[in-house]
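[1] Have a look; sequence and predicted model below, questions after that.
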Amino acid sequence: MEGRHEGRTKMSVLVVEDSRTQAEFIRYVLEAEGYDVTLTADGTEAMKRMAIDMPDIVLSDIMMPGMDGYELCRRIKQQYPDVPVILVTTLFDPADVLKGLASGADSFIVKPVNPEHVRSQIESVMQTQEMREPEDAHGELDITFAGSTYTIGAGRLKILNTLLSTYTIAVAKNTELQEAQEQLHTLNGQLQEAVADLSHSNESLAAENQERRRVEKALADANRKLQLMASITRHDLLNQLAALGGYLDLAQILREREPENAWHHVESAAGMVSRINNTVRFTAEYQKIGATAPAWQEISVLVERSEKYISTDSIALENTVPVGVEVFADPLIEKVFSNLIENALRYGETTTTITFSLKQDGEMYTIICEDDGVGIPAGEKEKIFTYAHGMNTGLGLFLAREILAITGITIRETGTPGSGARFELLCPARVIRVPGR
């Protein structure tokens, strides 16, 4: 590059650019070509600078605040007609060229600036300056374009030089466009191949995703079941151990003073041990709870099984659910039934009978557990299923709602206060199977 400037007088270039980044880049390009560069930020500063130190050529941006590049070019040509002006712009259409010629511009450079193009345009403009225009080459020319009229006072050489510079830019841009189109064509071919590959693997991927969702759901259900099991077991065992301790304490207190009553409490403690044993066995049955999916279970059998976990004493348990009717539910539903029985015994106060039945209403089936105790106050009917309420009275109903929800079964209390509690398990038709249906 240095050899290109050997023997050449160092030219001075005034760059007018409001963007400091663009100005420094143009300075770098020009100084690399061997020019002496001065920077100004706007047209007013440029005119003041020219009054002090006249440059050989001016490169000016067009879009600037205040005085734009066209106006600056017009003023330079009025005061210093022999100083060539090249306009540097991101805009480029026929109107830009006509505006530039009307203002007296000698050529154009389009951003982003290409070093080789900058050098060639400066050299071309300077060579044109040295050439003599024919005597009849001057005279104003009015050109109408896109509804606007532009008065061109430039000579033929200047107009030709401007047209050549715009043609050079057009050729360069067209070459860039062709290269971009070729690259786009190549990328499009690659994209089509990728889409084809993706299409071929889509079916297997969809199958894998479906299986993954099944596994994720199974894992989520398994984790939920494990948490439920831990809560249920802890809840029941703590209550049963507390009762066992109470019976043994009473037996110890009465063993000398009232040995007969003491033995009665010992018998009650033995019964509680039996209940604890049943709870532990129930836990053992579901120690692999994560691998146990919801299954069809006969409702009347579930009621019968639940009874063994509860000591009903003198209270009657009536099971009127038709034999053979099944519910699709988590295996823990057996614990839900036993909890409903236990609640009737514990809170019913005057309960003498607990009845399980099944009712059909269109496509909906309802499993009903009702007693003839004191019932549940109206203000407590929804609270009894909440976790906060369960912390005080036991988490059985909170956990029951969670267990039933696994297969879409809901539970509510609809009894009449003072006449008994009534729990309804609302089952969609898809989770009830009736013999012969």
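    Thanks, I have the structure now. Numbering: from 1, shown residues only.
[2] Give the residue spans of the stretch 1-150 of the chain that score low on pLDDT.
    1-9, 91-94, 131-150 (pLDDT under 70).
[3] Do you have the helices of it handy? List them.
    Using DSSP state H, counting those that start in this stretch, the helices of the stretch 1-150 of the chain run over 20-32, 43-52, 69-79, 94-103, 115-130.
[4] Would you mark the buried spots in the first one?
    The reference is to helix 20-32. Using 16 or more other Cβ atoms under 10 Å as the burial criterion, the residues of helix 20-32 that qualify are 22, 23, 25, 26, 27, 29, 30. To be clear about C-beta, it is placed using only N, CA and C from the backbone, and glycine gets the same treatment.
[5] ok, and what's touching that helix?
    Helix 20-32 is contacted by residues 1, 13, 15, 17, 37, 39, 41, 59, 61, 88, 111, 113, 115, 118 when judged by Cβ atoms under 8 Å, 6 or more residues apart in numbering.
[6] if we can go back for a sec, of the buried residues of helix 20-32, which is the nearest to residue 339?
    Ranked by distance to residue 339 (Cβ to Cβ), the buried residues of helix 20-32 are led by residue 22 at 78.3 Å.
[7] could you measure the closest one against residue 253, distance?
    To residue 253, residue 22 is 98 Å away according to Cβ to Cβ, to the nearest Å.
[8] ok, now residue 85?
    115 Å.
[9] which one of those two has more residues nearby?
    Per other Cβ atoms under 10 Å, whichever of residue 85 and residue 253 has more neighbours is residue 85, with 24 against 13.
[10] I'd say that one and residue 73 touch.
    Yes - Residue 85 lies in contact with residue 73 (Cβ atoms under 8 Å); the separation is 4.6 Å.
[11] residues shared between the contacts of these two?
    With Cβ under 8 Å, 6+ apart, residue 85 and residue 73 have common neighbours 58, 60, 104, 105.
[12] thinking the last one is in contact with residue 85, fair?
    Yes - in this structure residue 105 lies within contact range of residue 85 using Cβ under 8 Å: 5.4 Å.
[13] okay, and the common contacts of those two?
    residue 73.
[14] sorry, back to before: and which of the contacts of helix 20-32 is nearest to residue 236?
    Nearest to residue 236, judged by Cβ to Cβ, of the contacts of helix 20-32 is residue 111 at 79.9 Å.
[15] what's the neighbour count on the closest one?
    16.
[16] Just the CA trace of stretch 377-388, in PDB.
    What follows is stretch 377-388, C-alpha atoms only, in PDB (Å, rounded to 0.1, in the frame of the first residue of the first chain):
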ATOM      1  CA  PRO A 377     -71.800 -27.400  60.700                       C
ATOM      2  CA  ALA A 378     -72.500 -25.600  57.500                       C
ATOM      3  CA  GLY A 379     -69.500 -23.300  57.900                       C
ATOM      4  CA  GLU A 380     -67.100 -26.300  58.200                       C
ATOM      5  CA  LYS A 381     -68.300 -28.300  55.100                       C
ATOM      6  CA  GLU A 382     -65.400 -27.100  52.800                       C
ATOM      7  CA  LYS A 383     -62.900 -26.300  55.500                       C
ATOM      8  CA  ILE A 384     -62.700 -30.000  56.600                       C
ATOM      9  CA  PHE A 385     -60.900 -30.800  53.300                       C
ATOM     10  CA  THR A 386     -58.200 -28.100  53.700                       C
ATOM     11  CA  TYR A 387     -54.700 -28.800  54.900                       C
ATOM     12  CA  ALA A 388     -54.900 -26.000  57.500                       C
END
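[17] Thanks again, I'm all set now.
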